[in-house]
Structure formats: structure tokens, C-alpha cells
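S.K.: Give the three-dimensional model of this entry:
(chains A and B)
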Amino acid sequence: MAVAGMRHISCIGLMRDKAKILDMLQKEGAVHFASPAEAVLPKNDVAEGEINAETEDIVIPEPESLLSDNTAFIALNEKRAKLQNCIEELARYDTRKKHLFSFLRPVKASEVAEVDSRADIILAEADKIIVTDAAIKDAEAEIARLDSEILAMSPWAALPYAPSEYETAHTATDFLAAGSRKEYEEFKAEFAKSISPSDICVLNEDKNGGTVSFAVTYLKPERAAAEKYYNSARVTRFDFSAMTYTPAARLDELSELKQQKQNEITELTENRKAAAQHLSDFEILYDSLGMRVQKMLADVNISDSSVTFNFDGWVPAKQEKKISAALTDEFICNVAFRDPAEGELPPTKLENGILGGSIEPVESLYSLLQYGQLDPSAIAAFFYALFFGFMFSDAGYGILLTVACAIILIKCKLKASMKKYIWLFLFSGISTIFWGVLFGSWFGNVVQTVTLGKFALKPLWFDPQDSVNTEHFLAFTLLLGVIHLYTALAMKAANLIAKGKWLDAICDVFFWYIFYTGEILFLLPYIPYYKDTAFCAKAHPYAVYLLLAGFVLILFTKGRKSRNPFIKLFGGITCLYSLVDMLSDCLSYTRLMAMGLATSVIINVFNSIAASAAGLDTAGITFRFIIFIVIFVAANLFNFAINALGAYVNACRLTYIEFFGKFYEGDGKEYDPLCYNTEYITVEPGDSADELGAVS
Amino acid sequence: MITTLNLLLAEAAELPTAVDNTSKFFTWGGTAIALIGALLAVVLAGIGSGLAVKNVASAGLGLLSEDPKQFMPALVLSLLPSTQGIYGFVIAFMMLGKVTTGMAYADGFALMLAGLPIGVVGLLSAICQGKVAAAGIQLAAKQPKHWSRAMILTLLVEMFALLSFIISIFMVNR
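M.R.: Numbers count the residues shown, from 1 in each chain, chains lettered A, B, ... in the order given. Model (predicted):
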């Protein structure tokens, strides 16, 4: 449970060693390169409320933007994009063993080097796949085009001659379509009236009362009048004047073409299936090129001269000796380490055990902790799991969750962040079992339902669904809330004390404890369940004194840092509003009750639906029991999913807003050392790790 | 729930038909009115959640069509406004547990009122939450790394449905 201590490193080396040094540093994976812009303009310690115009303007450019016109960098990224494209395309033909969760495949360094040496052949293979892919897409587009032509042509299939043959010396024939039978009838009546002599012949009619396709024949001198009439009537005219073959012949031709294209697609798809054997090579090459990209990005922060290069960066204090030795033993280097200077902001690297580490992904979604703060991970994880369990609150679900997480952790080789998430859910599962046992919920009341009420698992503590206990349940969630909020305040004090700011800890935390405790005791007689306790009766009379004492202390100390004498004296008056804040924070914890009840009530509803649908109460026949199990499993899976999500989201909210909101200083810089940062493989040092560097 | 309903129907069928209508209403009206309350709780909150989820999920599909990897934000944000419907369902179920045959008119009316907080606030807050969540989908499209903030802001709206839910619970269990 800590933020790793960082040491500043500056290193000057010889240009001839630069590539080798970068390879070595990437293998060690410990040095976070700092941009020269940060070193020139260290961030000043800005007092609260004052904004330093100069430091505001420091914009450290992203390394990617500095390399935007570097041709080698662009070429590397293009190759990677090509490979990634192929990997995604081929993924569905992947015959290798698959896991539900993404994991990294361990690959020996020698194999990576071997793949690297074949890079050109592999990239040519990738090009072939991209060409195949384009060909498949073209063929698919062609099929779609043919389909639409077939659709347009099929109403005319009944014509015995080619449309152009219908034109004679004296008569003209037009081919038309009307939207419906009714429109056709209207057209027919009007047309016969205005253009005579004429003849209309229906060639095809949509069975569902849709389009009617027909041909009209009239004397040639009437052509202009007929065309004018088409424009005003709601019919579509088809221009077949150039069509010297019958529509039926064209249709045969079209379906033959379509069949050809379909065969082509089948063949190309088979090709692609065969290409899936290269998938492993693509993945390795993709990551290997990625490592080169990372080196180039780190290189942006290195200043070169003709003979030497130098860089600044950060190294975790624990790895200082190792890096120092690695640099100076093999290479001619001048390396200097020092502690962070005043105003410098080193990157944050969290070092936590299993419990604390489990909540790191959740924390990173909020904001990265600033360097120099105490790491609250373990405490936050404890409360997270506690609240998640309270909201999920069913021993059966808890066992399912715990066992599932345990199996995943044992069986699958996961990415680090995914592994942490699974640990978090494992702890949450254990907490769910704990609360489930206390509240007597084992897949709700399934035991009672199945045994028709003869046997029931009694809660160890109380049954929240019993209306007698509603008040107790609500009051308990408020108590949990107060504990959580007070812990957050304690974290704030601990941070201040760690920095030696004892006075601030007393004024900004201890006085607030007095104030809030006064408020809580004052409100106690209005809170269900607690209002009837002996403690309430005893403590309530002192509440007003505590509240007043807290108020006076805060009133005169809150504005102590301001230069304005009025604010200095009365700046604390705004603390009155904090009373409302505290109240709404506490009320926010009633979600624990709401989500907890929602889970268990819905399970019971599903149980009784399953029981009555299967008719369990009529006779205990095996068949009925099978129906019960089917409904029970389906309904519980649904409930499990939706309530797990609800518990996850709401536990996040309580952690972010109520807990972190009190003390957490985020916007830390991510510790992003030069290392093997891969997406598909992990490089195992193996027999000849040095080969990697030699090739790249 | 189903057994309660069956019981009510069975007993209603056995009522003597000759009972005068006014007295029948005051003997049985409480039950009917309480059932209306349960109905309002589940129907209003359900409509709200349905409308909201429809909006967010459609926006989510738009997001997925651009970037299929964003399934998690789309799923979570779409599911958030569905809780009101669940709360309404839970309250309706708890109310059905309290409905008895031959409830007095006043008791039935009081029970009906218990369904209103989650019914009305559930309806409106779900729709509002849906709007925030749909905006959250936009955020996820432009800033995929920060979608969790959209999730938290969306939860702020839910707070009010939660408070109503708890008041409804207390009113049912009164």
C-alpha cells in the first residue's frame, strides 16, 4: 500500500552505445523518460487559489506529435496497422485454443528475433491477405449489384421476345410499373380515354398487392402525348429500347454471374482460412514492431550531440542500483540520481498487495493519484468489496462469484489489469457470502420454496425483507456511510500529517469531526431505529454543544490562509452549508439498502414464479422439478447479471464521490517506463534474450 | 405474488351476487385500490425505464457501429436507467404481499399511495437519466478513456429515484 518512491535519473552516454543502452533499458523496463520541456521549467508549488500564469502555459508535447513527420516512425505504424487489420480479419478463423478472457501468449525472445528476421516475408503475407480481403469485398458488392438487377428484371421474365422487337413501323410499346393495383386501374382508365387506340397488357403483379408491371402499345404519332401523360401519372417507365435479348435470358445470365461470384468468395474464404496459420507470426511481429515504436517514442526525450547523448527520467528507488549498475558496468556512462526537487512532479507508480492492487483499475478510471499522496487503495478496496457484497447480499450468488473468479485466476493467464479486476470481484464475492449469511439469503428463499416451507435457512442476523426490520436495515446503511465518510476524513488527516502539516490536520479535519459528530448526534432522534436506543437518549443532549464548538472553531480557522481580514475572521461561515453536504452524503448510502433489497426480493419473486409455474406445491414429481430448475437457473442468471452490474456501478460511485471526493488528489502522471509493452505476447527472457536487441 | 392473485380471484368468484353494489365497493374497494397502486408503481416506473433504455441503447448501437470495442460503455450506460423499472417491480411485489381480500377502503387507499413515489419519480427520473446516459454515450464515442465519468454523472440522477424507492418501502411496511 504505497506510492513507489521515485528517484530522478540523468544519464550521459556515448552515441555509439545509444541503441544498445535503449535495448537494455527496454528489457529492464524501469526508466520513465521525462520530456526535456519538464526539466527546463519545473512546476512551481502554487498556493491554493493562485494560478501561476507561467506554469499554466507549459504544454508538454505528446511524443507522437513530435514524430508526426518522421518517415521511419510512420512506416512502422503503417506496418503495425496492416498487421492489426490482418489479425482482426483472421481472428474468426483462429483454430488455436481460445480463452474467455484476453491473455498474453508467452513467447521466447529467440522466437521473436526469428520472426523479426522474416519480417519482409510476413508483411508480404499480410499484403496478400489484404488483397484477398479487398477481393472478397468487391465480390460481395458485385453480388449485391447483381441481386438488385435480378430484382428489377424478374417482373419482365414473362416477355417472350426482346423488348426492342416490340417497336413496329406504326406502333410503339412502353414498359411501365405502377405502385399498386389501384394506381394501375386508375392509369388504365385514364390512358384508354386519352390515347386511343391503345392496348395495355399486365405482365406481372406482385402477389401482396404491390407493384404491377405492364406494357402499353399505341400508335406512334401519339408518343409525345403518352410520354407527357406518364409524367403526370404515378407510374415508372423502364427504358428497354436498347435491349435486344429477352429478360428471361438476361435473368439466366445474371444468376450465372452471381453463382460465379459466390464460388469466387468461397474460394477466397478458403484461402483466408489457410492464411490463419500465419496468425501467430502476425501477432509476434506486431508486438515486436510495437517495441521499436516505443523505443522511438522514448528517443524523442533524448538529446543527442555528435558524440554523446543525454536523457532525464524517473526510476523507482528500489531499482536505482540495478539500473545504475546496468548502465555503468557495460557502457561508458555518467549516471546521476537524486530525489525529486521541490515543485517537480514525478510519475505515480502504485505498489500494492493483492487487496490494494485489486482496486487500481477502478481508481485509474477515476484519476491517477498524485505522487507524494498516501495510497488509499487497500482501504478503498476493503470498503468497495464490503459495499458490493452488501448490495449483492446473497450467499448463493457470492459463492458463484467467488468460485468463478477463483477458477479464472487459476486457469487463465490474464493481462495485469484484468487480473486485478478479477481479484476485486473475488473479494466482493467473499463479502457477498458474508452479508448473504447474515441476512439469510441463499439464492433467496429457494430452500424454503423447494421444501414447501418445511425447512428454511435462518438469517444469522436479521431478514431485511421482513417489514419489522426495514428501519433497522436503513439505519445500518447510514451507519456504514458515516464510517466510510469518517475514514475518508481520516485519510485526509493522514496525508496532511505525512507532510508535516499538523496544524492543517487539526483545523481541516479534527474540527470537522467535532462539527459533523455534533450534527449526527443532533439528528439521531430523527433517524429510524437509532432514535429508540439508549445511546441516543444519552448522547443527544451534548449534540448542540459539539455542534456549536465545531462551528466556532471552524469559523475562526477556515479562512486562516487568506490575506483578506474579513475572510480570515468569517471565512468559515460557509461551513454551515457543509451540514447539508454531510446529510446528502449519508443519504447516498441508502442505495446500499435499495440495491440489497432489490436483489433479494427479485430472487424470491423468481423462485415463487418458478415454483408455481412448475406446480411444485401440487406433487413432488421429478418432471416438475426439472421445469423448476430450468426457470430457476434462467431467472437467476438474469438477476445475477443485472444486480452484479448495479452493485459494481454503485460501489464505484460511493468510492469516487463520497470517499475519494473528501481527500483524493488525482491528476497524477502515469508511470510509463520504456518496456516490452505488448498486446498479444509476453517476451520470456529464455535462452538468448540479447538476440532481441541485436535484431531491432 | 401469483398465489395472492389466485386467492383473490377465487374468493371474488364466491361472492354472493345479490350484495348491494355500494356496500360491495366498501368491502372490496380497498383491495382494488391497493392493486391499482401496485399497478401504478410497476407500470409507471417500467414505462420510464423502457423509454430511457430505448434511447440510450439506440445511441449505444450508433456508438458500436463506429467502434465495436466500446461494448462495455454502451452496455453499462444502457442498463443504468433500467433500475427504476426494477424498483417499481420490487415495490409492486411488496405491495401485493400486503394486499388482503376484504381490505378496508382507507387501508387500500393508503397502500395505493405507497406505490406513487417510485411510480411517478421512477417514470420521470428514468427518462431524465436516459438523457444523461445518452449524452454519456456521446462522451464515450469521443473520449473512450473517460466513459466512467459519464457513468458517475448518470448515477447522480438515480439518487432521486432511490430516495423515492426508500420512502415507498417505508410506506408499504408502515
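
S.K.: what does chain B have sitting close to chain A?
M.R.: B:1-3, B:76, B:79-80, B:82-83, B:86-87, B:89-90, B:93-94, B:148, B:151-152, B:155, B:159, B:162-163, B:165-166, B:169-170, B:172-173 (CB under 8 Å from any CB of the partner chain). Every C-beta, even on glycine, is put in place using the N, C-alpha and C of the backbone.

S.K.: Among these, which ones are in helices?
M.R.: B:2-3, B:76, B:79, B:83, B:86-87, B:89-90, B:93-94, B:148, B:151-152, B:155, B:159, B:162-163, B:165-166, B:169-170, B:172 (DSSP state H).

S.K.: Mind checking which of those are buried?
M.R.: Neighbour counting by 16 or more other CB atoms under 10 Å in any protein chain shown classes B:76, B:79, B:83, B:86-87, B:89-90, B:93-94, B:148, B:151-152, B:155, B:159, B:162-163, B:165-166, B:169-170, B:172 among these as buried.

S.K.: how about the residues of chain A near chain B?
M.R.: A:365-366, A:467, A:470-471, A:474, A:587-588, A:590-591, A:593-594, A:597-598, A:601-602, A:605, A:608-609, A:612, A:642, A:645-646, A:649-650, A:652-653, A:656-657.

S.K.: Tell me where the model's unsure across chain B.
M.R.: B:1-28 (pLDDT under 70).

S.K.: Show me where it has its helices.
M.R.: Using DSSP H, helices in chain B cover B:2-13, B:21-66, B:71-79, B:83-98, B:105-116, B:122-142, B:147-172.

S.K.: Redo those helices as CSV? Include distance to residue A:310.
M.R.: What follows is these, written out as CSV (distance: least, CB to CB, whole Å):
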stretch, distance to residue A:310
helix B:2-13, 78
helix B:21-66, 44
helix B:71-79, 43
helix B:83-98, 57
helix B:105-116, 72
helix B:122-142, 39
helix B:147-172, 39
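
S.K.: Among the ones you listed, show me which one is buried the most.
M.R.: helix B:83-98 (a mean of 26; mean count of other CB atoms under 10 Å in any protein chain shown).

S.K.: the strands in the stretch 1-150 of chain A, which residues?
M.R.: Using DSSP state E, counting those that start in this stretch, the strands of the stretch 1-150 of chain A run over residues A:2-3, A:6-14, A:32-33, A:105-108.

S.K.: And the stretch 551-696 of chain A, by the same measure?
M.R.: Under DSSP E, counting those that start in this stretch, the stretch 551-696 of chain A gives strands at A:681-684.

S.K.: remind me which residues of it are low pLDDT?
M.R.: A:616-621, A:685-696.

S.K.: Separate out the buried members of the residues of chain A next to chain B.
M.R.: Using 16+ other CB under 10 Å, the buried ones in the residues of chain A next to chain B are A:365-366, A:470-471, A:474, A:587-588, A:590-591, A:593-594, A:597-598, A:601-602, A:605, A:608, A:612, A:642, A:645-646, A:649-650, A:652-653, A:656-657.

S.K.: And the residue of the stretch 401-550 of chain A closest to chain B?
M.R.: Closest contact between the stretch 401-550 of chain A and chain B, by CB to the nearest CB, is at residue A:467 (3.6 Å).

S.K.: Test my guess that that residue contacts residue B:171.
M.R.: No. The pair residue A:467 / residue B:171 is not scored as a contact, 11.0 Å apart, by CB atoms under 8 Å.

S.K.: Can you report how many residues neighbour the closest residue to the residue of the stretch 401-550 of chain A closest to chain B other than its chain neighbours?
M.R.: Spatial nearest neighbour of residue A:467, excluding adjacent residues (CB to CB, 6 or more residues apart in numbering or on different chains): residue B:173 at 3.6 Å. Residue B:173 has 17 neighbouring residues, counting by other CB atoms under 10 Å in any protein chain shown.

S.K.: isn't residue B:173 right next to residue A:470, touching?
M.R.: Yes. Taking CB under 8 Å as the definition, residue B:173 is a contact partner of residue A:470 at 4.6 Å.

S.K.: Leaving out the residues flanking it, which one is nearest to residue A:492?
M.R.: Residue A:492 sits nearest to residue A:663 (CB to CB, 6+ apart), 3.6 Å away.

S.K.: List the residues that contact residue 63.
M.R.: Just going to use chain A. Taking CB atoms under 8 Å, 6 or more residues apart in numbering or on different chains, we find residue A:63 in contact with A:35, A:297-298, A:300-301.

S.K.: my bad, chain B
M.R.: Counting by CB under 8 Å, 6+ apart, the residues that residue B:63 touches are B:70, B:73-74, B:137, B:140-141.

S.K.: The residue nearest to residue A:492 and residue A:674, how far apart?
M.R.: Distance of residue A:663 to residue A:674, computed by CB to CB, to the nearest Å: 33 Å.

S.K.: Among the two, which residue is more densely surrounded?
M.R.: Neighbour count, other CB under 10 Å: between residue A:663 and residue A:674, residue A:674 has more, with 24 against 20.

S.K.: quick one, phi psi at that one?
M.R.: Dihedral angles of residue A:674 (phi, psi; degrees, to the nearest 10) stand at phi -70, psi 120.
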